[in-house]
Each structure stands twice: as structure tokens, then as C-alpha cells.
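K.L.:
Sequence and computational prediction follow.
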Amino acid sequence: MSQNAKARRSIRRPASVSGTGLHTGVATEATFLPAPAGHGVVFRRADLSGKPEVPALLTEVEALERRTAIGHGDRTIHTVEHLLAAVAALEIDDLTVELTGPEPPIADGSFQPYFEALAKAEPVDVGGEPTVLTVAAPFTVTEGDAAYVVAPAKALRLTVTIEWAHPLIGRQSGTYDVTPESFARDLAPARTFGFTSEIESLKAKGLIKGATSSNAIVLDERGVVNGGTLRWPDEFVRHKAADIVGDLALTGARVRAHIVATRPSHVGNVALARALSRAGKRSGVPRMDIGRIMDVLPHRYPFLLVDRIIEVEGSQRIVGIKNVTINEPFFQGHFPGHPIMPGVLIIEAMAQVGGMLLMSHFEGQDVDNKVVYFMSLDHVKFRRPVLPGDQIRFELEMIQFRGKTCKMKGTGFVDGQVVAEAEMMAMVADR
Ligand SMILES: [Zn+2]
């Protein structure tokens with residue numbers, strides 16, 4: 001039932017998990033707080049002045065060695081993957097996670113304390129449409145030793161294989177259909193693991209300051225140290241499968257695909273999440289709908305070429321969508337019987353998304369009386385034709401911003417493939 005849920009979900013009441021961070025060793029309380037539909041999953045550092053917020057999104061990924069860290073500088077949040085796996089497994093779309101320190105508690109090294117806290121907080125429908133990522137055709141992702149095959153599926157299914165030259169691990173494989181029930185039963189209790197042989201080198205890098213034999217499975221050459229026992233003989237692969245669930249949560253969407261992962265790592269999982277974000281089709285509540293876009297952009301039919309803004313990262317990055325249909329007026333003459341979107345209009349659509357990014361600098365000001373002019377285009381490249389039925393995903397990044405002028409780099413993708421790219425200079429002027 002939950003796999004077909006139509007509404008976004010948050011929680012009914014707050015819940016907390018307290019303990020020590022695995023890598024920082026700092027005592028922290030993580031408190032889940034209800035959030036309204038469309039809010040997304042957002043961390044809040046209550047220990048810092050101004051209580052800065054960091055959305056759980058790929059754009060925030062900061063570090064990937066032995067953990068997934070998001071945010072930047074002193075607002076970095078380490079080891080978010082176990083907490084986020086529980087959030088994603090319960091299909092919670094909107095949530096504030098308030099932290100009193102830099103890293104959610106590692107607890108027993110598993111996902112279970114977070115899963116149980118969230119289950120007690122009672123996931124509840126909050127309306128709106130969940131953002132769902134699906135793929136239309138299979139593709140592969142490789143990153144270092146990690147390899148993934150992604151295939152279309154109606155729900156999230158993981159087939160994971162790991163290999164370690166250790167008597168308790170060797171080669172382990174498992175397939176998991178990720179639902180709240182199966183996650184609770186088959187994955188949530190699986191603990192993270194590490195080897196005594198690598199303790200010194202990880203500590204030298206400033207990692208695992210909070211590690212003990214009660215918050216991870218610690219292995220020496222023969223077995224589990226201190227006579228610890230495993231929860232399953234294949235607890236290791238189960239943990240790695242659940243880590244993937246947590247890292248995929250950074251797409252900001254519910255992922256519906258069959259993922260076959262071999263030797264997954266956090267670096268690999270994040271590369272997978274990025275590839276899914278690019279190649280996948282995203283449905284659900286936009287970050288800015290067409291009404292909001294029309295508030296900011298003066299363009300109107302047939303020249304308004306942005307349908308939705310799906311990601312905004314401050315004034316640094318924006319992602320917009322244009323759904324290209326056969327009903328576009330330009331297809332009537334470009335060309336009869338052979339419809340191709342004119343390249344200059346692809347660039348115009350990209351520029352309109354860029355205009356939204358530039359205008360976001362003036363948020364809260366009188367944007368009605370401001371207008372964006374484009375001053376130059378550089379390095380324009382058309383990589384492949386755009387046809388009726390394509391969904392173009394425009395990603396724009398601010399390269400430089402001075403006063404009222406800026407330089408942006410834009411890339412357009414269809415099904416994960418680059419269709420066009422350009423660098424553009426623009427300025428904001430009063431009307
Ligand atoms: Zn983990």
C-alpha cells in the first residue's frame with residue numbers, strides 16, 4: 001500500500017535519538033520534527049548561531065570517505081546515511097531533523113534506532129504529491145570498485161553483492177524489496193562494520209573518533225572482537241544495502257527502480273544517486289510551480305519555456321524542467337513532418353531558468369520591476385536533437401556574481417544525455 005501512496009508524508013509528533021557521533025565522537029541529540037508538504041527533508045544545526053539549515057540533497061554532499069557528509073564548512077553534518085535510510089524506508093518526504101551537534105548519533109551502528117523513533121513519531125500523510133524518480137530504460141554507473149545496473153521497476157528493489165577477503169564475509173549477496181515492513185525486518189538491525197587493521201589509519205585522518213565495539217561490528221583477522229555475535233551471517237551485505245537506501249534519499253525523491261549493486265561504496269552510491277537524478281523522470285510537487293515562475297519571469301505563451309523549477313540551491317544552482325510536446329507552436333514550421341526543437345529556443349529555455357536563478361538573488365525585493373537581460377553567450381554546443389515527448393532538464397550554476405551582473409554555466413539533459421550547453425552572462429535592470 002505504502003508503495004502506491006498518493007500523498008506526501010511527514011510525522012505526527014517529534015521524536016529524538018541521543019548518542020555519540022561515530023566519526024566526530026561528539027554527543028548529539030537528533031530530533032525529528034513534523035514539516036509541511038513540500039518542505040523536503042532538512043537538517044538544522046541547533047548548536048550553531050542562526051541555526052543554519054542544510055537540505056538533504058545531492059547538491060549539499062561534502063565528503064564521502066567512510067560516510068556521507070552534507071553541508072559546508074563548520075555547518076557540515078557527518079554520517080547522515082543511517083538516519084536518512086530510515087526516513088526513506090518509511091517514505092517520509094517532509095521532515096526537519098534538528099541536531100545539537102555535527103553528527104547524528106551512531107547508536108548501535110544500525111538503522112533501527114532511527115526507524116523505531118520515526119515509527120513512534122507516526123508517519124502521517126500531509127497532502128501534496130510525493131516526488132517520485134523512475135527510469136525509462138536500463139543504465140549502468142561505475143565509480144571506483146563500485147558498479148551499479150539500474151533497471152525500470154515499479155518499486156525500489158536492491159540486489160547487492162559485496163566481497164571482502166575475510167572468513168566471516170567472503171562474497172555475500174541479497175535481494176531486498178524496500179518497503180517499511182521489509183526494511184524493519186531484513187535491513188534496519190544490520191550494523192556497520194570495520195576492521196581492527198584500519199583503526200589507526202582512519203584515526204589518523206580524524207575519522208572514527210567515536211567508534212567502540214558497541215557501535216559497530218569490529219573484526220580482526222579471525223572474527224568479531226570481544227566475542228561479539230552477528231545478527232545474521234550476512235549482516236554485512238544487509239548493512240550495505242540499507243546504506244544505499246540512505247544515500248539515494250539525497251535525490252530528494254522516492255526512487256522506483258531495480259538497482260543491482262556490486263561492491264557499493266558511499267562515493268559510488270552518490271554517483272548512482274546523481275545518475276538517477278539525471279536519467280530519471282521526476283514527478284511530484286515542484287519547488288516552484290508555473291504560477292510562481294510566471295510571477296518572476298515576464299515571458300508568456302508562446303515564449304515561456306520553463307514548466308517547473310525542481311531544485312534551488314540558494315543563489316548558486318537551479319534545476320528547471322521543460323516538457324516538450326508536439327503541441328509546441330514552433331513544431332508547426334520546424335519542420336513539417338520532421339519536428340525538432342530549434343536550438344536557439346533550447347538556449348532561450350536555458351536562459352529563462354538562468355533568469356530564475358539570477359532573480360533569486362533579489363528574493364523579497366520588488367521583482368515585478370526588475371528584468372533580466374542576457375549580455376553574452378559563450379561555448380554554446382548542441383549535442384543531440386530535442387524531439388516531441390522529451391523532458392529537458394536544465395542545470396544552471398552561478399560561476400560569478402558581481403552586483404547586478406553574473407556569469408552562469410548551463411547544461412540541458414534529456415534522459416541523462418547532454419543535449420546542449422552554454423555559458424551566459426546576464427544582468428538585472430530596473431524596468
Ligand atoms: Zn552504514
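P.N.:
Done, it's in.

K.L.:
Tell me the residues on the protein that lie near the ion, please.
P.N.:
192, 243 (C-beta under 5 Å from the ion). For the C-beta atoms, the positions are set from N, CA and C on the backbone; glycine is no exception.

K.L.:
Break down the chain into its helices, ranges please.
P.N.:
Assigned by DSSP state H, the helices in the chain fall at 81-89, 112-120, 180-182, 199-204, 235-248, 266-279, 290-296, 343-359.

K.L.:
Throw these into CSV and include mean neighbour count, thanks.
P.N.:
Formatted as CSV, the helices of the chain follow (neighbours: other C-beta atoms under 10 Å):
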stretch, mean neighbour count
helix 81-89, 28
helix 112-120, 20
helix 180-182, 15
helix 199-204, 12
helix 235-248, 26
helix 266-279, 22
helix 290-296, 14
helix 343-359, 22
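
K.L.:
Worst mean pLDDT among those helices?
P.N.:
Of all the helices of the chain, the minimum mean pLDDT falls on helix 290-296 (a mean of 81).

K.L.:
pLDDT on stretch 212-229, on average?
P.N.:
In the prediction, stretch 212-229 has an average pLDDT of 88.

K.L.:
Tell me the buried residues in it?
P.N.:
Buried residues in stretch 212-229, counted by 16 or more other C-beta atoms under 10 Å: 215-219.

K.L.:
Turn the helices of the chain into CSV, including distance to residue 69.
P.N.:
Formatted as CSV, those follow (distance: least, C-beta to C-beta, whole Å):
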stretch, distance to residue 69
helix 81-89, 10
helix 112-120, 17
helix 180-182, 26
helix 199-204, 15
helix 235-248, 12
helix 266-279, 9
helix 290-296, 31
helix 343-359, 25
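
K.L.:
circling back: show me which of the buried residues of stretch 212-229 is closest to the ion.
P.N.:
Closest to the ion out of the buried residues of stretch 212-229 is residue 216 (9.2 Å), distances taken as C-beta to the ion.

K.L.:
From the buried residues of stretch 212-229, which land in strands?
P.N.:
Among these, the members found in strands (DSSP state E) are 217-219.

K.L.:
Could you tell me the end-to-end distance of stretch 42-59?
P.N.:
13 Å (C-alpha to C-alpha, to the nearest Å).

K.L.:
buried residues in it?
P.N.:
For stretch 42-59, by 16+ other C-beta under 10 Å, it's 42-45, 54-59.

K.L.:
from those residues, which ones fall inside strands?
P.N.:
If you go by DSSP E, those have 42-45, 54-55 in strands.

K.L.:
right, and the pair among the residues you listed with maximum separation?
P.N.:
Pairwise distances across these (C-beta to C-beta) peak at 12.6 Å, for the pair 45 and 55.

K.L.:
Spit out the residues that contact the two alike.
P.N.:
Counting by C-beta atoms under 8 Å, 6 or more residues apart in numbering, residue 45 and residue 55 have no contacts in common.

K.L.:
quick one: the nearest residue to residue 184 once chain neighbours are set aside and the ion, what's the gap?
P.N.:
Nearest residue to residue 184, sequence neighbours excluded (C-beta to C-beta, 6 or more residues apart in numbering): residue 115, at 6.1 Å. Residue 115 is 14 Å from the ion, where distance means C-beta to the ion, to the nearest Å.

K.L.:
right, and residue 115 touches residue 86 too?
P.N.:
Yes. Counting by C-beta atoms under 8 Å, residue 115 touches residue 86, with 4.2 Å between them.

K.L.:
show me the contacts for residue 99.
P.N.:
For residue 99, the contacting residues are 28-31, 43-47, 77, by C-beta under 8 Å, 6+ apart.

K.L.:
any chance of those in CSV, with pLDDT and distance to residue 321 too?
P.N.:
Converted to CSV, these look like this (pLDDT from 0 to 100; distance: C-beta to C-beta, whole Å):
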residue, pLDDT, distance to residue 321
28, 96, 37
29, 97, 38
30, 97, 33
31, 98, 34
43, 96, 26
44, 96, 28
45, 95, 31
46, 96, 34
47, 96, 37
77, 94, 28
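
K.L.:
Including distance to residue 339, could the residues you listed go into CSV?
P.N.:
What follows is the contacts of residue 99, written out as CSV (distance: C-beta to C-beta, whole Å):
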residue, distance to residue 339
28, 56
29, 57
30, 52
31, 53
43, 45
44, 48
45, 50
46, 54
47, 56
77, 47
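
K.L.:
Which elements pack onto the least confident helix or strand in the chain by mean pLDDT?
P.N.:
Lowest by mean pLDDT, DSSP states H and E among the helices and strands of the chain is strand 281-283, with a mean of 76. Here strand 281-283 touches strand 132-134, going by 3 or more C-beta pairs under 8 Å, 6 or more residues apart in numbering; DSSP states H and E.

K.L.:
quick one: residue 378 and the ion, what's the gap?
P.N.:
From residue 378 to the ion the distance is 43 Å (C-beta to the ion).

K.L.:
show me where pLDDT drops low in the stretch 301-431 of the chain?
P.N.:
313-314, 363-364 (pLDDT under 70).

K.L.:
partner residues bridging the closest residue to residue 101 other than its chain neighbours?
P.N.:
Nearest residue to residue 101, sequence neighbours excluded (C-beta to C-beta, 6+ apart): residue 28, at 3.2 Å. For residue 28, the residues forming beta bridges with it (DSSP bridges) are residue 19.

K.L.:
doesn't residue 17 make contact with residue 28?
P.N.:
No. In this structure residue 28 lies outside contact range of residue 17 using C-beta under 8 Å: 9.1 Å.

K.L.:
Neighbour count for these two, which is higher?
P.N.:
Higher neighbour count among residue 28 and residue 17: residue 28, with 24 against 20, using other C-beta atoms under 10 Å.

K.L.:
so which of the ones in strands among the buried residues of stretch 42-59 would you say is closest to the ion?
P.N.:
Distances from the ion to these, taken as C-beta to the ion, are shortest for residue 43 (17.4 Å).

K.L.:
Test my guess that that closest one contacts residue 95.
P.N.:
No. Contact criterion C-beta under 8 Å: residue 43 and residue 95 do not qualify, at 9.5 Å.

K.L.:
which neighbours do residue 28 and residue 17 share?
P.N.:
Common contacts of residue 28 and residue 17, defined by C-beta under 8 Å, 6+ apart, comprise 104-105.

K.L.:
what's around the closest residue to residue 235 other than its chain neighbours, how many residues?
P.N.:
Computed as C-beta to C-beta, 6+ apart, the closest residue to residue 235 that is not its neighbour in sequence is residue 190, at 4.9 Å. For residue 190, the count of nearby residues is 25 (other C-beta under 10 Å).

K.L.:
now swap in residue 368 and tell me
P.N.:
10.

K.L.:
Same question for the one 5 residues further on.
P.N.:
Applying other C-beta under 10 Å, we find 12 other residues in the vicinity of residue 373.
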